[in-house]
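**Student:** sequence and predicted structure, then a few things I'm wondering about:
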Amino acid sequence: MLQDPSQKYLPHPPVNLPDRQWPNQQLTHAPRWLSTDLRDGNQALAEPMDSARKLRFWELLLKCGFKEIEVAFPSASETDFQFVRQLIEERRIPEDVTIQVLTQARSDLIERTFAALQDAHRATVHLYNATAPLFRRLVFRQSKEEIVQLAVSATRQIRALCEAHPQTQWSYEYSPETFCFTEPDFALQICEAVADVWEPCAERPMIINLPATVEVNTPNVYADQIEYFCRRFSRRNAVCISVHPHNDRGSGVASAELAILAGADRVEGCLFGNGDRTGNVCLVTMAMNLYSQGISPRLDFSDMKQVVEVAEQCNQLPVHPRHPYAGKLAFTAFSGSHQDAIKKGFTARQQASSLRWEMPYLPVDPNDIGCSYEAVIRVNSQSGKSGAAWMLEQNHGLMLPRALQQDFSRHVQARTDRDGNEMTLAAIWQLFRELYGPHKLAGRQLLDYRSESQGEGLLSLQVRIQMEAGVITLQGKGNGLLSAAADALQSRFNVAFAIEDYHEHTLGRHSESRSAAYIRCTFAKGESRWGVGIDNDVARASLQALLNALPSDDRF
Ligand SMILES: CC(=O)SCCNC(=O)CCNC(=O)[C@H](O)C(C)(C)COP(=O)(O)OP(=O)(O)OC[C@H]1O[C@@H](n2cnc3c(N)ncnc32)[C@H](O)[C@@H]1OP(=O)(O)O
Ligand SMILES: CC(C)C(=O)C(=O)O
């Protein structure tokens, strides 16, 4: 890279709009959407879609609720041409959906475009030509007047062809390609000239699309350009203003959002931001951004996994794991403080009466887009006590007392530090069972017990335990079940310990549900150990938890 890039690169000039209004506006409703996955997205693929892939994508777009879909550049290839024919001849276009196709301002290509659209019920013909100084000079080698003339005569031809085919409801879109680095007054001039030919009205709808063909500035400059255009365009009320941001600087979504604030009515883009170079604006992100603010996007992404799967298959490109709302890691927290906050958020949500989503770190409810909570928390060496505790709660119904969470977390941390990788649910559960012993891993298995009241608050207890060496029977007395069991164990093994902590809860909500009991014992020299028991009977769960809290060494 250059020490001084100023010799090589010049900033693109901003627009002079000191009384800009857009910063005071708010997003209140969804714009009109146009998916250009099958055109702009498609033209950027190493292997453009064949008709089977195009058809699959088309079905997906319909399912997501798109009402305007740019389906092809029919004069570009036989595949594109035939795809448009297939949609029309096989009557695959729903009544309320408009297909759109793109053409250059070249007479033969326009003819071919209309041949593709023969007998369409409704269609938008989209014409583009580049208008920026660099393109006028380098690509077209034409003056401003010639560039205007190119657009005007193509529009004239398109209008004539539309009028010659009145069986189709036509709409016309004009794009001064490279709008974002065209002189604002020249963009106005050419659009005025084109609109003068088309004469937009209710019967002859028109869309003026103002593309950021290559994103060359900050989104506020694009917003200024859009507002500047909207305020000065003489037929503003007769046309729909559309935007078509690309993502070269990584701010395609911001550009589109600010452009709406600045007066745009419609957004063209692709799912997951596919498109030339760094892509078109991502319509999934834009729609979900609105949704997360309580605004219906009028698009349906309730089955996000399927949307990802179809887009990946058709584009033959992966969706990034951190893609907003859709990536595999979009709702995943590995870090301890995030996990702690999310866990508290979910606990509060269970107790809340309101529907309102108030969840630390998660802008939307993964459930709304068909995702489970499974991936929300994953555990590695960056995780804290809440991570493993959440996974045990979600998957095994165990609600560990705080001190046990802390105790277990130390062991998990040691394991993840040692191995340096993520701990799966299975590995966490295995470690938990090894340490605290619920279920079959217990070294001492309670077989049965019998308790009897001795009067004056005293209880006698007999327990039978399966030890590794065989079955033993113990007797003890105490003012409760656990103290009687502690008495039985202490007198048999001659080891002193105290029960410091006891918690229990039911697993599940049914009458036949099981109980989980958690017990912490302290031994000489401050040694402290937890045991966990799970059983249909809460007393058995507690006795087993006590047995599991005892160390497996020669003291026992
Ligand atoms: C920003 C965008 O996404 S615009 C859409 C771009 N999409 C595509 O290009 C995909 C489909 N394109 C194609 O299949 C081909 O480019 C075709 C069929 C349209 C044209 O192919 P070709 O006739 O070989 O021309 P080519 O692709 O080289 O286009 C460049 C020529 O078109 C001219 N041209 C470029 N854009 C336009 C336009 N909008 N209107 C009129 N002429 C144009 C160029 O000045 C150049 O002319 P020259 O050869 O006289 O110098
Ligand atoms: C044809 C136009 C709208 C385009 O794709 C672009 O400018 O990116």
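**Tutor:** Looks like it arrived, so ask away. Ligands and ions are numbered 1, 2, ... in the order given.

**Student:** need the residues of the stretch 1-150 of the chain near ligand 2, please.
**Tutor:** Asp40, Leu102, Tyr128 (C-beta under 6 Å from any ligand atom). For glycine as for every other residue, the C-beta is placed from the backbone atoms N, C-alpha and C.

**Student:** which one of these sits closest to Thr424?
**Tutor:** Asp40 (40.6 Å; C-beta to C-beta).

**Student:** can you list phi and psi of that closest one for me?
**Tutor:** phi -70, psi -40 (degrees, to the nearest 10).

**Student:** so can I have CSV of the residues of the stretch 1-150 of the chain next to ligand 2 showing distance to Leu109 and pLDDT?
**Tutor:** Formatted as CSV, those follow (distance: C-beta to C-beta, whole Å; pLDDT from 0 to 100):
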residue, distance to Leu109, pLDDT
Asp40, 17, 98
Leu102, 10, 98
Tyr128, 11, 98
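
**Student:** kindly reformat these as JSON lines and extend each row with distance to Gln454.
**Tutor:** Output for those, formatted as JSON lines (distance: C-beta to C-beta, whole Å):
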{"residue": "Asp40", "distance to Gln454": "85"}
{"residue": "Leu102", "distance to Gln454": "92"}
{"residue": "Tyr128", "distance to Gln454": "95"}
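
**Student:** what subset of the residues you listed is buried?
**Tutor:** Neighbour counting by 16 or more other C-beta atoms under 10 Å classes Asp40, Leu102, Tyr128 among those as buried.

**Student:** give me the subset of these touching ligand 1.
**Tutor:** Among these, the residues within reach of ligand 1 (C-beta under 6 Å from any ligand atom) are Asp40, Tyr128.

**Student:** which residues are in contact with the closest residue to ligand 1 within the stretch 401-550 of the chain?
**Tutor:** Taking C-beta to the nearest ligand atom, ligand 1 has its nearest neighbour within the stretch 401-550 of the chain at Glu422, 41.4 Å off. By C-beta atoms under 8 Å, 6 or more residues apart in numbering, the contact set of Glu422 is Phe334, Arg378, Val379, Asn380, Thr416.

**Student:** any chance you could give me the host helix or strand of Thr79 in CSV, C-alpha atoms only?
**Tutor:** Using DSSP states H and E, Thr79 sits in helix 78-89. Included here for helix 78-89 are C-alpha records, laid out as CSV according to Å, rounded to 0.1, in the frame of the first residue of the first chain:
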residue,chain,number,x,y,z
GLU,A,78,-30.6,-18.3,-24.2
THR,A,79,-30.9,-19.6,-20.6
ASP,A,80,-32.2,-16.2,-19.5
PHE,A,81,-34.5,-15.8,-22.5
GLN,A,82,-36.0,-19.3,-22.1
PHE,A,83,-36.4,-18.8,-18.3
VAL,A,84,-38.7,-15.9,-19.0
ARG,A,85,-40.6,-17.9,-21.6
GLN,A,86,-41.0,-20.8,-19.1
LEU,A,87,-42.4,-18.6,-16.4
ILE,A,88,-44.9,-17.1,-18.8
GLU,A,89,-45.9,-20.2,-20.8
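
**Student:** pull the number of nearby residues for Ala46.
**Tutor:** Applying other C-beta atoms under 10 Å, we find 7 residues neighbouring Ala46.

**Student:** wasn't it part of a helix?
**Tutor:** No - counting by DSSP: H, G, I helix; E, B strand; the rest coil, Ala46 is not found in a helix; it is coil.

**Student:** for it, give me its contacts.
**Tutor:** Gln316.

**Student:** ok, now how distant is it from Glu312?
**Tutor:** 14 Å (C-beta to C-beta, to the nearest Å).

**Student:** now do Arg231
**Tutor:** With C-beta to C-beta as the criterion, Arg231 and Glu312 are 42 Å apart.

**Student:** which residues of the stretch 51-200 of the chain fall in strands?
**Tutor:** Here the stretch 51-200 of the chain has its strands, by DSSP state E, counting those that start in this stretch, at 68-72, 98-104, 122-130, 169-177.

**Student:** and those strands as CSV, adding distance to Val152?
**Tutor:** Below are the strands of the stretch 51-200 of the chain laid out as CSV (distance: least, C-beta to C-beta, whole Å):
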stretch, distance to Val152
strand 68-72, 23
strand 98-104, 15
strand 122-130, 10
strand 169-177, 10
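
**Student:** ranking these by burial, who's on top?
**Tutor:** strand 68-72 (a mean of 25; mean count of other C-beta atoms under 10 Å).

**Student:** which residues of this structure fall in strands?
**Tutor:** Applying DSSP state E to the chain gives strands spanning 32-35, 68-72, 98-104, 122-130, 169-177, 206-212, 240-245, 266-269, 445-455, 458-467, 470-478, 497-507, 514-523, 528-535.

**Student:** which stretch among those comes nearest Gly370?
**Tutor:** Closest approach to Gly370 among these is made by strand 32-35 (19.8 Å; C-beta to C-beta).

**Student:** what sits against Trp33?
**Tutor:** Trp33 sits next to Phe66, Lys67, Glu68, Arg266, Val267, Glu268, Gly269, Leu283, Ala287, Arg298, Leu299 when contact means C-beta under 8 Å, 6+ apart.

**Student:** distance of it from Met288?
**Tutor:** Counting by C-beta to C-beta, the gap from Trp33 to Met288 is 13 Å.

**Student:** ditto for Thr79
**Tutor:** Distance, Thr79 to Met288, using C-beta to C-beta: 32 Å.

**Student:** in terms of neighbours, single out the busier of these two.
**Tutor:** Met288 (23 against 15).

**Student:** is it true that that one touches Ala330?
**Tutor:** No - contact between Met288 and Ala330 fails when scored by C-beta atoms under 8 Å: they sit 9.7 Å apart.

**Student:** nearest residue to Gln293 in space, please, no chain neighbours.
**Tutor:** Excluding the flanking residues, the one nearest Gln293 by C-beta to C-beta, 6 or more residues apart in numbering is Leu27, at 6.8 Å.

**Student:** low-confidence stretches in this protein?
**Tutor:** Confidence mapping of the chain against pLDDT under 70 gives the ranges 439-443, 509-512, 554-555.

**Student:** which residues does the residue nearest the centre of it contact?
**Tutor:** With distances taken as C-alpha atoms, centre = their mean, the residue of the chain nearest its centroid is Tyr325 (1.1 Å). Each residue near Tyr325 by C-beta under 8 Å, 6+ apart is listed here: Val284, Thr285, Met288, Phe301, Met304, Val364, Ile369.

**Student:** in helices, which of those fall?
**Tutor:** When DSSP state H defines the helices, the subset of those inside them is Val284, Thr285, Met288, Met304.

**Student:** what residues are up against Leu261?
**Tutor:** With C-beta under 8 Å, 6+ apart, Leu261 has these contacts: Trp22, Pro23, Gln25, Gln26, Leu27, Ala223.

**Student:** let's see that with 7 Å instead.
**Tutor:** Trp22, Gln25, Leu27, Ala223 (C-beta atoms under 7 Å, 6 or more residues apart in numbering).

**Student:** ok, the third one to Leu258 distance?
**Tutor:** Okay, so that is Leu27. Per C-beta to C-beta, Leu27 is found 10 Å from Leu258.

**Student:** now do the shared contacts for these two.
**Tutor:** If you check Leu27 and Leu258 against C-beta under 7 Å, 6+ apart, no residue is contacted by both.

**Student:** what count of nearby residues applies to Phe346?
**Tutor:** Around Phe346 there are 18 residues (other C-beta under 10 Å).
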